[in-house]
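Peer 1: Curious how this folds, go ahead:
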Amino acid sequence: MATSTVLTASETHAMKRAPVVEGVLPAIHERWSARSFDGREVSSSVLTKVFEAARWAASSNNEQPWRWVVGRRGDGTWEKIYETLVGFNKTWAHRAPVLMVGAAAMRFSKNGAENRFALYDLGAASSYLTLEAAALGLTTHQMGGFNQEAVRQALGIPAEYAVGAVIALGYQGEPAVLGDVTMIERETTARTRKPLGEIVFSEWGMPADL
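Peer 2: Purely as a prediction, here's the structure:
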């Protein structure tokens, strides 16, 4: 029998967890992008903590250009976001109790000048969000597979805001709920990352001496 048919949610999480490195925040080891959700609702108090973490991310000139539109399963916003998903994202995201869309103001509020770092800042805040979620026992999955114009129209996102990603948030479920063998295999395959020597340089292309 294939491994993907026997791993439980807890076994999958243990396998997906990054190798522990002393001194690295535990939430970084815990965070991974599950597609299986168990259907439990996420309380308002937990969501508040997730966004409170995102609120304190750094940003250029403290502009805080990020905005999120949040839908909870059963409300109109959740349905609007879900309907903009494309490809196989629709086959699993319907189990996520929370769907949200991030956006970033592309001009500084103080003078109207272009903010070239707005999407960078949205990404930083989203990372805080996903790490806080992991620390709280939640899982998140960030998606680029959606129709940006459709989500802009559906949610009334102004033209001066760039659309970032759709994020599914909830509690990890059993991989078997995904149904499709290929998706289950992806869910239960160990993660990999490039070694530091490939991404941290002292000069371009030369690994830093860490």
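Peer 1: ok, how many other residues are close to the closest residue to His94 other than its chain neighbours?
Peer 2: Nearest non-adjacent residue to His94, counting by C-beta to C-beta, 6 or more residues apart in numbering: Tyr82, 6.5 Å away. C-betas here are computed from N, CA, C, even on glycine. When neighbours are counted by other C-beta atoms under 10 Å, Tyr82 registers 19.
Peer 1: Over to the one 4 residues further on?
Peer 2: Around Val86 sit 12 other residues, with neighbours defined as other C-beta under 10 Å.
Peer 1: Name the nearest residue to it, sequence neighbours excluded.
Peer 2: Distance criterion C-beta to C-beta, 6+ apart; nearest residue to Val86, sequence neighbours excluded, is Gly145 at 5.2 Å.
Peer 1: picking up where we left off before, helices and strands around the one helix or strand the residue nearest to His94 maps to, which ones?
Peer 2: For Tyr82, the enclosing helix or strand under DSSP states H and E is helix 76-83. For helix 76-83, the elements it packs on are strand 66-72, strand 98-105, helix 148-155, judged by 3 or more C-beta pairs under 8 Å, 6 or more residues apart in numbering; DSSP states H and E.
Peer 1: So what's the gap between the last one and the chain middle?
Peer 2: When distances are taken as C-alpha atoms, centre = their mean, to the nearest Å, helix 148-155 is centred 19 Å away from the chain's centroid.
Peer 1: check contacts around the closest residue to Val101 other than its chain neighbours.
Peer 2: With C-beta to C-beta, 6+ apart as the criterion, Val101 has its nearest non-adjacent residue at 4.9 Å, and that residue is Val69. Counting by C-beta atoms under 8 Å, 6 or more residues apart in numbering, Val69 touches Thr77, Ile81, Met100, Val101, Ala103, Leu155, Ile157.
Peer 1: Model confidence for Val69, exactly?
Peer 2: Looking at Val69, its pLDDT reads 98.
Peer 1: Make 7 the first number, not 1, from now on.
Peer 2: Yes, from this point I'll number from 7; that puts the last item at Val75.
Peer 1: residues contacting the residue positioned nearest the centre of the chain?
Peer 2: Nearest to the geometric centre of the chain sits Gln148, at 3.3 Å (C-alpha atoms, centre = their mean). Neighbouring residues of Gln148 by C-beta under 8 Å, 6+ apart: Ser39, Ser132, Thr136, Ala171, Val172, Ile173.
Peer 1: got any ranges where this structure has weak pLDDT?
Peer 2: Along the chain, the parts satisfying pLDDT under 70 run over 7-12.
Peer 1: could you redo the last one with a cut-off of 90?
Peer 2: Scanning the chain for pLDDT under 90 picks out 7-12, 45, 93.
Peer 1: So which residues of it form strands?
Peer 2: 72-78, 104-111, 145-149, 167-176, 207-209, 212-213 (DSSP state E).
Peer 1: Mean neighbour count, those: which tops it?
Peer 2: strand 104-111 (a mean of 24; mean count of other C-beta atoms under 10 Å).
Peer 1: ok, back up a step: any idea how far the residue nearest to Val92 is from Ala141?
Peer 2: Counting by C-beta to C-beta, to the nearest Å, the gap from Gly151 to Ala141 is 26 Å.
Peer 1: So for the two, which sits in the more crowded spot?
Peer 2: Set side by side, Gly151 and Ala141 show more neighbours around Ala141, with 17 against 14, by other C-beta under 10 Å.
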